[in-house]
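Asker: With the sequence up front, the predicted model follows.
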Amino acid sequence: MAEKIFSMTNKLDYTTPSNWHAYDVEHIWHPYTNIAEPTPVFPVASAQGVTIRLADGRELVDGMSSWWAAIHGYNHPALNAAIETQLQSMSHVMFGGLTHEPAVRLAETLINITAESLQYVFFADSGSVAVEVAIKMALQYQVARGKKNKNRLLSFRNAYHGDTFGAMAVCDPVNGMHSLFSDVLPQHYFADAPECNNQGVADVRQVSQLIEQHHPSIAAVILEPIVQGAGGMRFYCADYLRQLKALCEQYDVLLILDEIATGFGRSGSLFAYQQASIEPDILCLGKALTGGYMSLAATLSSEKIAATISQGEPGNLMHGPTFMANPLACAVANASIDLLFRSGWQQRVNAIEEQLITGLAVCKKLAVVNDVRVKGAIGVVELNQAVDLHWIQPRFVEQGVWIRPFNNLVYVMPPYIINPEELKQLTSAIYNVLSEMTAIAPRELSNC
Ligand SMILES: *Cc1c(COP(=O)(O)O)cnc(C)c1O
């Protein structure tokens with residue numbers, strides 16, 4: 001155990017990164033890590049454009065957009081200016097009983113660019129909280145209309161909706177930590193992951209049976225449209241969404257779409273649900289909302305839902321985070337959306353898609369590779385075995401790229417500003433590292 005000095009004076013030498021880096025390893029939890037066997041973490045000095053500069057001077061081409069968020073790259077002058085300007089007037093005020101221009105402007109924009117029926121915005125402080133609020137809205141809506149028994153959700157295998165308890169309960173029940181927390185998690189219904197045939201026709205038999213059988217106890221269906229993200233990086237066709245929407249209407253079940261990962265152009269359309277020409281009842285946004293600058297999310301709902309909740313008991317939507325609608329976050333979100341619309345994102349995403357298709361195709365011939373798939377600015381190489389982060393993460397850094405695989409998935413979703421040479425560095429690095437893995441894989445496997 002480290003000795004405590006009960007003083008504000010730092011003992012560590014912060015002039016050499018290796019010094020404070022060791023303290024990180026000893027004291028800080030990183031996402032999904034184990035302190036006994038920490039996977040490597042790399043000290044970052046700065047980030048600019050699509051480049052992450054490590055403390056030791058090495059430069060990495062960013063393939064992750066810091067988990068779908070940094071769509072315009074890092075340290076963008078327009079986004080920096082938005083925060084600096086907002087900082088001059090106020091960094092934060094409570095949203096209970098007070099309001100401000102950045103929040104109203106952002107609400108107006110979100111209502112204008114999303115489905116026509118979406119008319120009310122709840123600002124949350126993270127994606128998971130936006131999902132909690134969406135679930136709460138659906139449940140309060142059903143209670144308000146006297147349908148108390150409609151108190152379950154229907155979700156999907158391979159879904160990912162966040163790490164808080166309500167959100168976790170609608171994540172994939174097998175890879176989503178359910179067994180660990182089964183006694184405390186609410187029990188929901190799960191349909192098979194959305195599937196389509198090669199002609200883009202969906203098979204909804206199983207999910208429609210579930211809805212038909214259980215609709216008296218289903219408040220809402222929740223899913224990630226077109227792209228299932230962190231629960232498996234799977235893509236499915238728009239026809240699935242169209243048919244699911246029809247089922248929801250037929251059986252009086254709300255449709256919650258979680259576009260926290262797909263929103264703002266990532267899947268090739270501004271919002272993924274637009275590919276199906278449907279409208280959700282409730283929509284969750286996050287991640288790229290602020291261009292990756294600050295934590296902010298939003299839950300939008302139709303007027304019908306907002307009005308019904310408000311007429312029922314207790315009448316109020318029962319949520320209110322301390323940092324709700326933080327002005328700095330709203331200001332940078334406004335600047336990010338403005339920049340997105342001025343940036344020609346559609347051509348950029350299309351060009352990234354084309355180059356990912358050609359650049360990753362060679363990976364198909366590697367023995368460790370199961371599948372290669374691309375959708376919008378998302379490229380996925382699925383392996384037939386889980387990667388060892390201890391081995392693979394330093395390999396990618398040596399190749400000059402920042403790519404963070406999980407389980408058996410090596411994937412990229414670069415900032416939209418990436419140029420063809422930089423994107424080529426990403427796809428070549430994936431091929432090189434996976435070739436190396438193919439060469440050693442049989443030996444590693446025989447050790448198991
Ligand atoms: C990341 C993500 C979340 C959770 O967002 P956080 O900001 O990490 O809480 C929820 N849903 C989807 C689809 C996501 O990709």
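Answerer: Perfect, thanks for sending it. Bear in mind the structure is a predicted one, so any value in this text is a computation, not a measurement.
Asker: Residue 43 contacts residue 14, doesn't it?
Answerer: No. If you go by CB atoms under 8 Å, residue 43 and residue 14 don't touch, sitting 11.0 Å apart. To be clear about C-beta, it is placed using only N, CA and C from the backbone, and glycine gets the same treatment.
Asker: who's more crowded, these two?
Answerer: Set residue 43 next to residue 14 and count neighbours by other CB atoms under 10 Å: residue 43 wins out with 12 against 9.
Asker: joint contacts of residue 43 and residue 14?
Answerer: Jointly contacting residue 43 and residue 14 under the rule CB atoms under 8 Å, 6 or more residues apart in numbering are residue 20.
Asker: Need the three-state assignment for residue 7.
Answerer: Using DSSP: H, G, I helix; E, B strand; the rest coil, the structure places residue 7 in coil.
Asker: Correction: the previous question concerned residue 14.
Answerer: coil.
Asker: With residue 38 as the reference, measure out to it.
Answerer: Counting by CB to CB, to the nearest Å, the gap from residue 14 to residue 38 is 21 Å.
Asker: next one: residue 115
Answerer: Using CB to CB, one obtains 44 Å as the distance from residue 115 to residue 38.
Asker: Of those two, give the one with the bigger neighbour count.
Answerer: residue 115 (19 against 15).
Asker: Now do the contacts for the more buried one.
Answerer: Taking CB under 8 Å, 6+ apart as the test, what residue 115 contacts is 271, 273, 279-280, 283.
Asker: And residue 215, what's its pLDDT?
Answerer: In this model, residue 215 is scored at 98, pLDDT.
Asker: Residue 372 contacts residue 365, correct?
Answerer: No. Judged on CB under 8 Å, residue 372 makes no contact with residue 365 at a distance of 10.0 Å.
Asker: the more surrounded of these two?
Answerer: residue 372 (21 against 11).
Asker: can you pull the contacts of the closest residue to the ligand within the stretch 1-150 of the chain?
Answerer: The ligand sits closest to residue 127 of the stretch 1-150 of the chain, with a gap of 2.1 Å, by CB to the nearest ligand atom. Counting by CB under 8 Å, 6+ apart, residue 127 makes contact with 162, 260, 284, 286-287, 297.
Asker: Which of the contacts of residue 115 sits closest to the ligand?
Answerer: Ranked by distance to the ligand (CB to the nearest ligand atom), the contacts of residue 115 are led by residue 283 at 11.7 Å.
Asker: still on that earlier bit, so which of the contacts of residue 127 are also by the ligand?
Answerer: 162, 260, 286-287 (CB under 6 Å from any ligand atom).
Asker: Tell me how far residue 295 lies from residue 30.
Answerer: The value you get for residue 295 to residue 30, if CB to CB is used, is 17 Å.
Asker: thinking again about what came up before, widest-spaced pair of the contacts of residue 115?
Answerer: 271 and 279 (10.4 Å; CB to CB).
Asker: Show me the strands in the stretch 301-448 of the chain, by range?
Answerer: For the stretch 301-448 of the chain, the strands defined by DSSP state E, counting those that start in this stretch occupy 369-375, 378-383, 401-402, 409-412.
Asker: Would you confirm that residue 362 contacts residue 431?
Answerer: Yes. When contacts are counted by CB under 8 Å, residue 362 is listed as touching residue 431 (5.5 Å).
Asker: More neighbours: those two, which one.
Answerer: More neighbours surround residue 431 than the other of residue 362 and residue 431, with 20 against 16 (other CB under 10 Å).
Asker: surely the more buried one meets residue 365?
Answerer: No. Residue 431 is beyond contact range of residue 365, at 9.8 Å (criterion: CB under 8 Å).
Asker: picking up where we left off before, highest mean neighbour count out of the strands of the stretch 301-448 of the chain?
Answerer: strand 401-402 (a mean of 26; mean count of other CB atoms under 10 Å).
Asker: Mind giving me the packing neighbours of that strand?
Answerer: strand 59-62, helix 420-446 (3 or more CB pairs under 8 Å, 6 or more residues apart in numbering; DSSP states H and E).
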